[in-house]
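*Asks:* Below are the sequence and a predicted model for it; my questions follow.
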Amino acid sequence: MKSWILNKAREMTLTPSEDEALSHDKARIRLARAAVSPSDIAAYCGKSGKTPIVPCRIAMGLVGESNDITLKIGQRVMLSPYHHTEKGVLVRGVDCDGYLSDFIACPLSEIYVMPEGISDEAIVFVEDIALAVNVLEKLDISKTQYILLSGCTVLNFIIAQLAIYYQAIPIIVDKRRDMLELAEDMGVYFTANPDEEDVFEKIKELTCGAMCDCLAVDADFFPEAGKLLPCLKHGGKAAICGMGGMPTKASAPISEIVASKLEVYGVNSGDGELETAINMLATEIVKVDKLVASLEEFSDVPAVFEKLAQTPTPGKKTLIRF
């Protein structure tokens, strides 16, 4: 078995180790795809997380060996981002080793057999979808409500698709024209560019003066949550969400929150909704094929991480091919 280990900030080594003996409650998986998440790059830059650690919180692969008769050799499976222990839930690649290895012995409780029709690349978006489901559950979104999304990110693109499915109305705000065009291509009717227009006035016009019911901020890439709070109606709801790649400090006007009696939530996990997310992929409620930035080789991991550290790709996800 070979694993990429993040020893300290910006230092990764490919380390061989002996395959562990396979216990009755585990299966050996040959990895095929893994996703590089914001938390991985934050750890790589020395901004968060523990080291040394094996990065990558979610992956998919093929069953290579199992003592459980319900798993067949060669089956495609997803490996959970969450490791449940008696002391609580650990996040792979953050609190404990992740999946940046060619093989791994994984607990059966953290293995999800994948239905046909979902591509290998789409599987590693399951946590993003589950997180989006939890965000909308917190915001209690309903039909015809307006939800404002701060930034064209993978998470917000998925939230927008789910909002449309629930017959709500998403509005995405971003300064990048190409990403706003991608949002429109994915079915988002309303977008706003702060460099080209007054966002507050546009929201006021789109909502006939009522303003937005909800706001979702992907703080992994756009930490300045407060800028769009004035676009919420009195008593509106805001979700500050992400996977742990956010900076330690973010700005938000407390006076605005108090004066408008806003409800603000923090959401950083898709735990509890992974099966829901898989079903949404299988039934094409959510589509992610346009959200893959690139497919990189396992041998090139250090260069890939360095590139993402210097030039993040908020609107698309970089995947590792084994």
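*Replies:* Received, thanks.
*Asks:* By mean pLDDT, point me to the weakest helix or strand of this structure.
*Replies:* helix 254-259 (a mean of 78; mean pLDDT, DSSP states H and E).
*Asks:* Tell me the buried residues in that helix?
*Replies:* residue 257 (16 or more other C-beta atoms under 10 Å). C-betas here are computed from N, CA, C, even on glycine.
*Asks:* Show me what secondary structure element comes after it.
*Replies:* strand 263-267 (DSSP states H and E).
*Asks:* circling back to that earlier point, for the least confident helix or strand of the chain, packing partners?
*Replies:* Of the remaining helices and strands, none touches helix 254-259 by 3 or more C-beta pairs under 8 Å, 6 or more residues apart in numbering; DSSP states H and E.
*Asks:* care to break this protein down by domain?
*Replies:* For the chain, automatic domain parsing gives the domain ranges 2-125+288-321, 128-267.
*Asks:* Return the member of those domains having the minimum mean pLDDT.
*Replies:* Ranked on mean pLDDT, the bottom entry among the domains of the chain is domain 128-267, at a mean of 91.
*Asks:* So what's the gap between it and the chain middle?
*Replies:* Between the centre of domain 128-267 and the centre of its chain there are 16 Å (C-alpha atoms, centre = their mean, to the nearest Å).
*Asks:* Check stretch 86-101 too.
*Replies:* 16 Å.
*Asks:* got it, and stretch 49-69?
*Replies:* 17 Å.
*Asks:* Likewise for stretch 120-129?
*Replies:* 9 Å.
*Asks:* Check stretch 63-71 too.
*Replies:* The answer for stretch 63-71 is 28 Å, by C-alpha atoms, centre = their mean.
*Asks:* could you measure residue 196 against residue 172, distance?
*Replies:* 14 Å (C-beta to C-beta, to the nearest Å).
*Asks:* Neighbour count: these two, which is higher?
*Replies:* Comparing residue 196 with residue 172 by other C-beta atoms under 10 Å, the one with more neighbours is residue 172, at 28 against 11.
*Asks:* Spell out the secondary structure type for that one.
*Replies:* strand (DSSP: H, G, I helix; E, B strand; the rest coil).
*Asks:* center of this structure - which residue?
*Replies:* The residue lying closest to the centre of the chain (C-alpha atoms, centre = their mean) is residue 128, at 3.4 Å.
*Asks:* doesn't that residue fall inside a helix?
*Replies:* Yes. Looking at residue 128 with three-state DSSP, it is inside a helix.
*Asks:* my guess is it contacts residue 155, does it?
*Replies:* Yes. Residue 128 is within contact range of residue 155, at 5.6 Å (criterion: C-beta atoms under 8 Å).
*Asks:* For residue 169, which non-adjacent residue is spatially closest?
*Replies:* Among residues not flanking residue 169 along the chain, residue 146 sits closest, at 4.9 Å (C-beta to C-beta, 6 or more residues apart in numbering).
*Asks:* Is residue 176 in contact with residue 151, as I believe?
*Replies:* No. Between residue 176 and residue 151 there is no contact under C-beta under 8 Å: 9.1 Å.
*Asks:* List the residues that contact the residue nearest to residue 298 when sequence neighbours are not counted.
*Replies:* Leaving aside its chain neighbours, residue 298 sits nearest to residue 322 (4.7 Å; criterion: C-beta to C-beta, 6+ apart). With contact taken as C-beta atoms under 8 Å, 6 or more residues apart in numbering, residue 322 is in contact with 30, 31, 32, 33, 34, 61, 102, 298.
*Asks:* follow-up on the earlier one: touching, the residue nearest to residue 169 and residue 215? I think so.
*Replies:* No. Counting by C-beta under 8 Å, residue 146 does not reach residue 215; the two are 9.7 Å apart.
*Asks:* out of residue 176 and residue 151, which sits in the more crowded spot?
*Replies:* More crowded of residue 176 and residue 151, by other C-beta under 10 Å: residue 151, with 24 against 15.
*Asks:* Next, the contact list for the closest residue in space to the more buried one that isn't next to it in sequence, please.
*Replies:* Distance criterion C-beta to C-beta, 6+ apart; nearest residue to residue 151, sequence neighbours excluded, is residue 222 at 4.1 Å. Contact partners of residue 222, counting by C-beta under 8 Å, 6+ apart, are 150, 151, 153, 314.
*Asks:* Out of the residues you listed, who's the most crowded?
*Replies:* That'd be residue 153 among the contacts of residue 222, by other C-beta under 10 Å, with 31 neighbours.
*Asks:* Could you report the distance from that one to residue 311?
*Replies:* 15 Å.
*Asks:* and the residue lying closest to residue 173 once chain neighbours are set aside, how many neighbours?
*Replies:* Leaving aside its sequence neighbours, residue 173 sits nearest to residue 192 (C-beta to C-beta, 6+ apart; 4.8 Å). As a burial measure, residue 192 scores 22 neighbours (other C-beta under 10 Å).
*Asks:* Distance check, residue 192 against residue 228.
*Replies:* Where residue 228 is concerned, residue 192 sits at a distance of 10 Å (C-beta to C-beta).
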